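pasted the sequence and its predicted model underneath.
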Amino acid sequence: MASNRTLYWSLFLSLLVSLGSSITIKKQDKNSAYYKYTKIRHIEGIPSCITDLDQLDEKDSITHHIHTNNVTLKLLVLVESTKGEEWRMGIRETWGSHASLGEETLLLFAVREGHSSLLMNESKEHKDMIIFNRVSSSHPKSSCLVHYLYWVQKLFNFSFLLRTHDKYFVKPREIMSLIHSHNQFDLELYLGYFRGNKEIEGSDSSSWFHCPSYAVHADDGGYILSSGLIERFLKAKSYLYYYNNEGASIGLWCSPFKDIKFVHDTGFDTSLERSRGCLNSYSITPVASLAQMREMYSVYRMNGQAYCTKEYENEHTYHYNWSALPSKCCQEKIHGKKL
């Protein structure tokens, strides 16, 4: 028996040595297809706005007039601002006002509009904008996100980040309650409205090769990340795959880690393609106009919870089945009004 065990160990060690040798040869053989493939992916797969990050000064990358300090925020609300000053003012005067946010939450606009005098004056007056100088629409959306995260984490101390867009109405205090209810000291948090069976689309269809559909991810319109999870993304930024689908990229980046708490929240109406309707149980939902945003805020201020003048659903909400395959994740339909 002992001699057999010795033989098995010898064979096993020989196999390891041979595997190690073959791997070393492949890496050293610069004419091999393996070497050329990995080199091409390394060079072409990382957008310039990411490769340059560690070499750039703050003044070359961003413009802001924010007075940063050492206060630790519970929640940083990062709003992608594409609709211009009028919409930013609408948010400041409604759900993004100081009275709505509370003391532990900060509103921040991510802007890519250039450096007009009007924009600079707005930035100086409100001190809630970061203008990103080196991010363009030609970059994959996920690389723009990492660029944003890199700088906000340099400027602010925060525990959680809500990433959203300027067309959404947000209930900041409900978001804060969600964080408190799901926060665990030994787990990172990724919270949103999840999809596990979304088809690959657009420019990603020619480059996505990991699985038949996108990785399990939260809708792009709004999701929450813990700061520890963001740190992991930033440390690995030169080794990540960047796709135009921001959420699918995040889902892919999360896949190696087992200490992440994934929370599917039915109060997130955050699909960029189509709203599920208007239900007072939603903590974040899109609006069609500034007038609608102001009307919803007026209703919300009067009763403290509801913001829909009339509740309705365009499609049913579902619970995510985490014990099923991603292709069968989202079959348990529920009626939103019964949440």
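Structure's in. What do you need? Numbers count the residues shown, from 1 in each chain.

and the next element down the chain from the host helix or strand of residue 122?
Using DSSP states H and E, residue 122 maps to helix 117-126. Using DSSP H and E, the helix or strand that follows helix 117-126 in sequence is strand 129-132.

could you tell me the end-to-end distance of stretch 82-99?
Taking C-alpha to C-alpha, to the nearest Å, stretch 82-99 runs 24 Å from one end to the other.

what comes up buried for that stretch?
Neighbour-count burial for stretch 82-99 flags 85, 87, 88, 90, 91, 94, 95, 96 (criterion: 16 or more other C-beta atoms under 10 Å). Yep, even glycine has a C-beta here, placed from its N, CA and C like the rest.

farthest-separated two in those?
85 and 95 (17.2 Å; C-beta to C-beta).

any weak-confidence spans in the protein?
In the predicted model of the chain, residues 1-45, 48, 51-52, 56-57, 69, 113, 335-339 satisfy pLDDT under 70.

narrow the buried residues of stretch 82-99 to those in helices?
Using DSSP state H to define helices, the subset of the buried residues of stretch 82-99 located there is 85, 87, 88, 90, 91.

from residue 249, how far off is the third one?
Yep, that's residue 88 we're talking about. 26 Å (C-beta to C-beta, to the nearest Å).

which secondary structure element contains the closest residue to residue 230 other than its chain neighbours?
Leaving aside its sequence neighbours, residue 230 sits nearest to residue 149 (C-beta to C-beta, 6 or more residues apart in numbering; 5.2 Å). Assigned by DSSP H and E, residue 149 falls within helix 141-155.

return the list of helices and strands in contact with that helix.
Contact here means 3 or more C-beta pairs under 8 Å, 6 or more residues apart in numbering; DSSP states H and E; on that basis helix 141-155 packs against helix 48-51, helix 58-61, strand 72-81, strand 129-132, strand 157-165, helix 227-235, helix 246-254.

repeat the analysis, applying 6 Å as the threshold.
Contacts defined by 3 or more C-beta pairs under 6 Å, 6 or more residues apart in numbering; DSSP states H and E place helix 141-155 against helix 48-51, helix 246-254.

which residues are contacting the last one?
Outside helix 246-254, the residues that touch it by C-beta atoms under 6 Å, 6 or more residues apart in numbering are 141-142, 145, 214-218, 220, 233, 240, 243, 260.

please apply the same query to stretch 151-162.
62, 68, 72-78, 175, 179, 224-227.

coming back round to it: out of the contacts of helix 246-254, give me the one that has the most neighbours.
residue 218 (28 neighbours; other C-beta atoms under 10 Å).

in contact with it, which residues?
192, 194, 247.

for it, give me the backbone phi and psi.
Backbone torsions for residue 218, taken as degrees, to the nearest 10, come to phi -90, psi 150.

what bridges to it?
On the basis of DSSP bridges, residue 218 is bridged to residue 194.

how close does it get to residue 183?
Separation of residue 218 from residue 183 (C-beta to C-beta): 17 Å.

again, but for residue 132
29 Å.

same thing with residue 86?
35 Å.

picking that back up, okay if I get the buried residues of stretch 82-99 as CSV plus distance to residue 296?
Formatted as CSV, those follow (distance: C-beta to C-beta, whole Å):
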residue, distance to residue 296
85, 20
87, 14
88, 17
90, 11
91, 12
94, 8
95, 8
96, 13
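
tell me the one of these nearest residue 311?
Residue 311 has its nearest neighbour among these in residue 95, at 18.6 Å by C-beta to C-beta.

give the bridge partners for the nearest residue to that closest one once chain neighbours are set aside, please.
Spatial nearest neighbour of residue 95, excluding adjacent residues (C-beta to C-beta, 6+ apart): residue 170 at 5.1 Å. Beta-bridge partners of residue 170, counted by DSSP bridges, are residue 284.

count of residues packed around residue 170?
Residue 170 is flanked by 23 other residues according to other C-beta under 10 Å.

that one against residue 282, yeah?
No - taking contacts as C-beta atoms under 6 Å, residue 170 lies outside contact range of residue 282: 9.8 Å.

packing partners for the helix holding residue 122?
Partner elements for helix 117-126 (3+ C-beta pairs under 6 Å, 6+ apart): none found.

make it 8 Å
Against helix 117-126 (3+ C-beta pairs under 8 Å, 6+ apart) you get strand 62-64, helix 85-92, strand 129-132.

what residues sit buried inside the shortest one?
Think strand 62-64. Using 16+ other C-beta under 10 Å as the test for burial, strand 62-64 gives 62, 63, 64.

can you redo the residues you listed as TSV with distance to residue 293?
Output for those, formatted as TSV (distance: C-beta to C-beta, whole Å):
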residue	distance to residue 293
62	27
63	27
64	25
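
and those residues, which is closest to residue 200?
Using C-beta to C-beta, the buried residues of strand 62-64 come closest to residue 200 at residue 62, 32.2 Å.

if we can go back for a sec, farthest pair in the contacts of stretch 151-162?
Maximum pairwise distance among the contacts of stretch 151-162 (C-beta to C-beta): 26.4 Å, between 62 and 179.

which helix or strand contains residue 198?
Counting by DSSP H and E, no helix or strand carries residue 198.

give me the element the spatially closest residue to it that is not a sequence neighbour is part of.
The shortest distance from residue 198 to any non-neighbouring residue, by C-beta to C-beta, 6+ apart, is to residue 214 (4.6 Å). Assigned by DSSP H and E, residue 214 falls within no helix or strand.
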